[in-house]
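K.L.:
Here is a sequence together with a model predicted from it:
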Amino acid sequence: MMRRQIRYVAAGGIFTVLLFAVVVVVVLLLYTNFSRESRLAEELNSGLNDLQYLTTEFLATGTPRALKQWQSRHRRLGRFLDDVPVQDPEIKRLLVELQTRHKTLGSVFGKLTRIDSAISDPSRAAIAKRAAVNRLLNQILALSALNDRISSIYREREAAFARWTLITIGAVLFFGIVVVVVLYVRVLNVITRSVGRLSTEIVRLGKGDLEKPVEIAETGDIGAVFQALEQARTRIADAVAQKEQERADLDHFVYVASHDFKAPLRGIDNLATWIEEDAGETLNKDSREHLEMMRRRIKRLESLLDDLLEYSRAGRTRVEFEKVDVEEMLTALVENLQLPKGFRVNVEPGMPVIFSPKTPLAHVFINLISNAVKHHDKSEGTIDISGRISPQGYEFKVCDDGPGIPDKYRERIFEMFQTLKPRDVVEGSGMGLSIAKRLVQSNNGEISVVGEQARGTCFKFTWNPRREPDAQSSKE
C-alpha cells in the first residue's frame with residue numbers, strides 16, 4: 001500500500017509536469033501564430049509611412065526615381081496583404097477593405113502620374129492634380145485609420161493573450177500543486193497512521209502484553225514490518241513461557257530440596273544427640289567437640305538451604321506497594337533484630353517517606369545491618385543509616401566502623417557463597433549480600449561499597465521501584 005501511494009504521488013508529479021509542458025507548447029504555438037498575424041499591423045504601418053513619404057517626394061520633385069520607388073513599395077505592400085495569414089474574422093474583414101483601398105490607392109496614384117500627358121491645358125491639369133492628390137491623401141488616411149483599428153485590435157488581443165496565458169499557466173501550476181499536495185498528505189496520513197499503529201504495538205509489547213497478536217492490516221513494506229513484529233512477539237512469548245516454566249521448575253526443585261534435605265539433617269542431628277546420650281561419661285572431650293562441630297555444620301547447612309530458598313524468591317514475589325516511613329520501619333527493625341549490647345544503630349533524622357513494597361526494602365536493611373554486626377572485629381560498634389532523594393529515585397547508606405573491605409574484594413562479596421573469613425570463624429552461608437543485591441536490582445537500583453576510609457564499610461544502594469501498569473491503574 002505504501003508503494004502504491006508513493007507511485008500515486010510520482011504519477012501526480014509526472015502528470016503535472018506533462019500538463020505544464022503541453023500548456024507551454026500550446027501557448028508557444030499560439031504566440032507564434034499571434035506574432036505572425038500581428039506583423040500585419042507592423043508591416044502595414046511601415047508601408048503606409050513609406051508611401052506617405054514617397055508621395056510627398058514625388059509631388060515635390062516629380063522624378064522618375066521617386067515614382068519607381070513608390071510603385072515598388074506599393075507592390076510589396078500588396079503582396080504582403082495577399083499572403084499574410086489571418087484567422088480572426090474581424091481582421092479578415094478589415095484586411096479585405098485594406099486590399100480594396102490599397103488597389104484604389106494604386107489606381108489614384110497611377111492617374112496622378114498620367115495627368116500631365118493626358119491633359120494639355122495647364123490650368124485644367126493643375127485642378128485635376130489637386131483632385132487626385134486629395135483622393136490620394138484620403139486613401140492614405142483611410143488606410144492609416146484601418147491600420148490604427150487593426151493595431152488597436154492586436155494590442156487588445158495581446159493584452160488578453162498575456163492575461164489568459166498567465167491565468168492558464170497559473171491554473172495548471174495550482175492544479176498540479178494541489179494534486180501533489182493532496183497525494184502527499186494522503187501518503188503522509190498513511191505513513192503516520194501506520195507508524196502510529198506500529199508504535200502502539202511496540203509500546204504494548206514493551207509493557208509485557210504478549211498475549212494479544214499483532215494486528216496486520218497493512219501490505220507491502222509496512223505489512224512486512226508488522227509481520228516481523230508479530231514473529232518477534234511469538235518468539236518472545238514462547239521464550240517467556242519457557243523461562244516461566246523453567247523458573248517454576250527451579251522454584252519447585254529448590255523448595256523440595258530445601259525441605260527434603262532438612263529431614264536427613266535433622267536425623268543426623270538426632271543421631272549425634274543419641275550418641276552423646278548413649279556414651280554418657282565415657283565420651284571423651286575431643287569426641288564431644290566433634291559432635292558439637294557436626295551440629296554447627298548441620299545448622300549452617302540448614303541456614304544455607306533457607307537462604308537458597310530466599311534467594312530464589314528474592315525480587316520475584318509480587319508485593320503490594322504501600323506508604324513506607326523509612327525511619328519508623330528501621331526503628332522497628334532494630335528492636336526486632338536484638339543486636340548484641342555493644343552495638344548501636346543510628347538512623348539519620350528526616351528519612352524519606354516513600355511509596356514502595358515494604359518487605360523487600362526491610363530485607364535489604366536487615367541483611368546489611370546483620371552483615372555489619374557479623375563481620376565486626378570488636379564486641380561493640382556503631383552503624384549509621386542515612387537516606388535522601390536522588391535522580392535515581394532514593395539513595396540509602398549503611399555505614400559501620402568495622403575492619404573494612406579491601407578494594408579487590410568489593411565486587412566479590414556480592415557473589416553467592418562468598419565470605420572474607422572462614423566459616424568456622426564467622427557462621428553464615430555467604431548469601432546475605434547476594435540476596436540484598438538481587439532485591440535492590442529487582443527494584444531498579446544498584447548497590448556498591450563506597451568510600452576510601454581506612455576503617456569501616458559503607459554500603460550505598462539506590463531504590464526506585466515501579467509499579468506494573470495493571471497494579472498502578474488499580475491503585476489509582
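P.N.:
Perfect, I can see it now. Numbering: from 1, shown residues only.

K.L.:
which stretches of the stretch 201-350 of the chain form helices?
P.N.:
Assigned by DSSP state H, counting those that start in this stretch, the stretch 201-350 of the chain shows helices spanning 220-279, 285-313, 326-337.

K.L.:
Can you list the buried residues in the last one?
P.N.:
Across helix 326-337, burial judged by 16 or more other Cβ atoms under 10 Å covers V326, E327, M329, L330, L333, V334. Yep, even glycine has a C-beta here, placed from its N, CA and C like the rest.

K.L.:
hang on, the earlier thing: go through the helices of the stretch 201-350 of the chain and find the least confident stretch.
P.N.:
Confidence, taken as mean pLDDT, is least for helix 285-313 of the helices of the stretch 201-350 of the chain (a mean of 70).

K.L.:
model confidence over stretch 131-140, on average?
P.N.:
The predicted model gives stretch 131-140 an average pLDDT of 82.

K.L.:
hang on, the earlier thing: same list, the helices of the stretch 201-350 of the chain, but as TSV with distance to R410 please.
P.N.:
Shown next, in TSV, are the helices of the stretch 201-350 of the chain (distance: least, Cβ to Cβ, whole Å):
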stretch	distance to R410
helix 220-279	28
helix 285-313	20
helix 326-337	24
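
K.L.:
ok, so of the buried residues of helix 326-337, who is nearest V86?
P.N.:
Using Cβ to Cβ, V326 comes nearest to V86 of the buried residues of helix 326-337, at 103.5 Å.

K.L.:
The closest one and I385, how far apart?
P.N.:
9 Å (Cβ to Cβ, to the nearest Å).

K.L.:
Quick check, pLDDT for the closest residue to R410 other than its chain neighbours.
P.N.:
With Cβ to Cβ, 6 or more residues apart in numbering as the criterion, R410 has its nearest non-adjacent residue at 4.4 Å, and that residue is V449. V449 is assigned a predicted lDDT (pLDDT) of 89.

K.L.:
Doesn't V449 belong to a strand?
P.N.:
Yes - assigned with DSSP: H, G, I helix; E, B strand; the rest coil, V449 falls within a strand.

K.L.:
Can you report how many residues lie near it?
P.N.:
Other residues within reach of V449 by the criterion other Cβ atoms under 10 Å amount to 17.

K.L.:
is it in a bridge, and if so with what?
P.N.:
For V449, the beta-bridge partners under DSSP bridges are F459.

K.L.:
doesn't C458 make contact with it?
P.N.:
Yes - under the criterion of Cβ atoms under 8 Å, V449 lies in contact with C458, with a separation of 6.8 Å.

K.L.:
Buried ones in stretch 45-56, by neighbour count?
P.N.:
Buried residues in stretch 45-56 (16+ other Cβ under 10 Å): N45, G47, L48, D50, L51, Q52, L54, T55.

K.L.:
The last one and L141 touch, don't they?
P.N.:
No - counting by Cβ under 8 Å, T55 sits too far from L141 to count as a contact (11.8 Å).

K.L.:
Now the residue lying farthest from the centre of the chain. Its backbone dihedrals?
P.N.:
Relative to the average C-alpha location in the chain, and by Cα atoms, centre = their mean, no residue lies farther out than D121, which sits at 105.7 Å. Main-chain torsions, D121, degrees, to the nearest 10: phi -70, psi 120.

K.L.:
same deal with L19?
P.N.:
The phi and psi values for L19, taken as degrees, to the nearest 10, are phi -60, psi -40.

K.L.:
ditto for G381
P.N.:
Dihedral angles phi and psi of G381 (degrees, to the nearest 10) take the values phi -170, psi 170.

K.L.:
number of nearby residues for it?
P.N.:
G381 sits with 19 neighbouring residues when counted by other Cβ under 10 Å.

K.L.:
Pretty sure it sits against G402.
P.N.:
Yes - with contact defined as Cβ under 8 Å, G381 counts as touching G402 (6.1 Å).

K.L.:
Locate the residue positioned nearest the centre of the chain within the secondary structure: which element?
P.N.:
Central residue of the chain (Cα atoms, centre = their mean): V195, 9.2 Å from the mean position. V195 is located in helix 122-206, with elements delineated by DSSP states H and E.

K.L.:
Report the angle between that helix and helix 220-279.
P.N.:
Put simply, helix 122-206 runs at 10 degrees to helix 220-279, going by axes from the mean of the first three to the mean of the last three Cα atoms, to 10 degrees.

K.L.:
For helix 122-206, which helices and strands make contact with it?
P.N.:
When contacts are defined as 3 or more Cβ pairs under 8 Å, 6 or more residues apart in numbering; DSSP states H and E, helix 122-206 packs onto helix 2-61, helix 89-118, helix 220-279.

K.L.:
quick one: the closest residue to T104 other than its chain neighbours from G78, how far?
P.N.:
Take T104 and drop its neighbours on the chain: the residue closest to it by Cβ to Cβ, 6+ apart is Q139, 5.6 Å away. Applying Cβ to Cβ, the value for Q139 to G78 is 13 Å.

K.L.:
Out of the helices and strands packed on helix 122-206, which is closest to Q441?
P.N.:
Closest among the helices and strands packed on helix 122-206, using Cβ to Cβ: helix 220-279, at 16.1 Å.

K.L.:
I'd like to know which elements the closest one is packed against.
P.N.:
Contacts defined by 3+ Cβ pairs under 8 Å, 6+ apart place helix 220-279 against helix 2-61, helix 122-206, helix 285-313.

K.L.:
can you tell me which residues contact L59?
P.N.:
Residues in contact with L59, defined by Cβ atoms under 8 Å, 6 or more residues apart in numbering, are V133.

K.L.:
which secondary element of this protein has the worst mean pLDDT?
P.N.:
Least confident helix or strand, the chain: helix 469-475 with a mean of 40, by mean pLDDT, DSSP states H and E.

K.L.:
end-to-end on stretch 337-345?
P.N.:
Counting by Cα to Cα, to the nearest Å, you get 11 Å between the two ends of stretch 337-345.

K.L.:
Just list whatever residues bridge to C399.
P.N.:
C399 has these beta-bridge partners by DSSP bridges: D384, C458.

K.L.:
contacting residues for it?
P.N.:
Under the criterion of Cβ under 8 Å, 6+ apart, the contact partners of C399 comprise I383, D384, I385, S386, G451, G456, T457, C458, F459.

K.L.:
With L173 instead?
P.N.:
Contacts of L173 were listed using Cβ under 8 Å, 6+ apart, and they are T16, F20.

K.L.:
Next one: it from R157, what distance?
P.N.:
For L173, the distance to R157 under the criterion Cβ to Cβ works out to 24 Å.

K.L.:
what do you get for F15?
P.N.:
For F15, the distance to R157 equals 31 Å [Cβ to Cβ].
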